[in-house]
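**Q** Make a model of this:
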Amino acid sequence: MVSLTARVVRFYVEWIRRSKDYYGDTSKMREHIQTLHMRPQSFSPPQNLGPDIKIERVDIQDWPLYRISCWPSSGVQDAANHPAMLYCHGGAFVHEIQSMHYKFLAQIARDTGLDILVPIYPLVPRPTATAEQVIAGLHEIMTQVKQPIVSIAGDSAGGTLAILVAQHLVRIKSDLASRVRSLVLISPLLDCTISHPETKTLEVNDPWLSPEGLRMAADLFKGACALSNPRISPLFGDIADLPPTMLLCGTHDLLCIDARRLSARFRNGGSFGNTDAWMAGSVELERFTYVEAEEMIHVWPILPSAEGAEARRTIMGFLRKHM
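**A** Coordinates of the predicted model:
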């Protein structure tokens with residue numbers, strides 16, 4: 001009999017292979033986006049996260065918003081003062097949150113004691129799914145929610161949103177920026193032009209992503225801005241006053257070149273002129289940690305594998321350090 005773990009791994013392997021098929025073909029990607037738009041995916045949390053996990057729906061404005069808490073540890077404190085993380089899920093701006101996201105977030109709640117706020121943001125090609133509107137919506141959540149948001153995190157396109165909203169708070173000199181003590185970016189899309197020559201080299205070993213489909217989704221997400229605009233591509237935005245940041249990417253992820261370029265900017269004091277002075281490999285600075293994992297694929301820290309579990313332990317340690 002095949003074990004449950006083996007069946008889960010087999011499911012994700014097949015899912016990733018199917019994704020590569022439409023990411024690599026613009027006509028298939030266009031059809032895929034239209035299908036998702038006409039038949040939206042469910043964003044409801046699974047029911048098997050454990051008896052210690054409490055999930056509440058606490059919508060703000062027109063956005064569904066979930067709060068994930070670990071009880072009784074978080075329940076002994078005043079909920080209004082309990083620290084929280086804002087987590088933006090990935091999915092190339094077109095896919096809804098998946099069960100693997102919720103399982104990862106339940107682990108964060110257990111291991112750190114943080115409440116996790118999960119916004120269900122609009123997806124392209126909806127008219128309200130442009131970068132400007134989504135970042136404004138995330139800012140509104142941070143403004144209206146009662147409890148202090150001390151961490152912002154996200155994976156893939158959600159990592160893009162996480163760093164964009166952090167840069168937005170710094171840019172507008174919001175008091176909210178000073179409360180955020182950590183920023184965690186898992187395989188983020190940092191340069192939405194996806195045009196660096198090294199991208200094609202990395203794609204050879206990437207079983208999941210291709211530039212063509214990602215660029216099509218990013219083109220819908222950008223709205224009236226250019227793809228290279230810092231408010232769309234956070235690689236080109238100001239990083240000087242970001243909170244302590246952890247960036248994770250694998251070498252079998254075509255987005256790894258842009259993770260290395262962001263790492264180069266941190267190593268060079270935030271200079272805009274040094275994005276191509278990149279070096280492969282992990283880096284640890286006072287306020288920036290880059291974890292580059294050999295032969296790991298896109299968003300491996302949230303996948304069900306031994307390597308994913310190790311990355312999750314690293315993330316939990318970083319979060320606890322900066323709480």
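**Q** didn't Q147 look like it was pressed against A80?
**A** Yes: judged on CB atoms under 8 Å, Q147 makes contact with A80 at a distance of 5.8 Å. C-beta coordinates here come from the backbone N, C-alpha and C atoms, glycine included.
**Q** So for these two, which sits in the more crowded spot?
**A** Q147 (17 against 9; other CB atoms under 10 Å).
**Q** From I108, how far out is the more buried one?
**A** According to CB to CB, to the nearest Å, Q147 and I108 sit 15 Å apart.
**Q** do P119 as well
**A** 16 Å.
**Q** ok, now Y66?
**A** From Y66 across to I108, the span is 13 Å (CB to CB).
**Q** ditto for P46
**A** Taking CB to CB, one finds P46 at 16 Å from I108.
**Q** Pick out whichever of those two has more residues nearby.
**A** Under the criterion of other CB under 10 Å, the comparison of P46 against I108 puts I108 first, with 23 against 13.
**Q** tell me the secondary structure for that one?
**A** Applying DSSP: H, G, I helix; E, B strand; the rest coil to I108 yields a three-state assignment of helix.
**Q** That one is in contact with L114, isn't it?
**A** Yes: taking CB under 8 Å as the definition, I108 is a contact partner of L114 at 6.3 Å.
**Q** Common neighbours of those two, please.
**A** Common contacts of I108 and L114 (CB atoms under 8 Å, 6 or more residues apart in numbering): 85, 319.
**Q** How many residues are close by the residue nearest to I97 when sequence neighbours are not counted?
**A** The spatially closest residue to I97, leaving aside those adjacent along the chain, is H89, at 4.0 Å (CB to CB, 6 or more residues apart in numbering). The local packing of H89 (other CB under 10 Å) involves 26 other residues.
**Q** Any figure for the gap between H89 and P45?
**A** To P45, H89 is 11 Å away according to CB to CB.
**Q** what does D276 give?
**A** 42 Å.
**Q** who's more crowded, the two?
**A** Legend: neighbour count by other CB under 10 Å for D276 and P45, higher for P45 (20 against 11).
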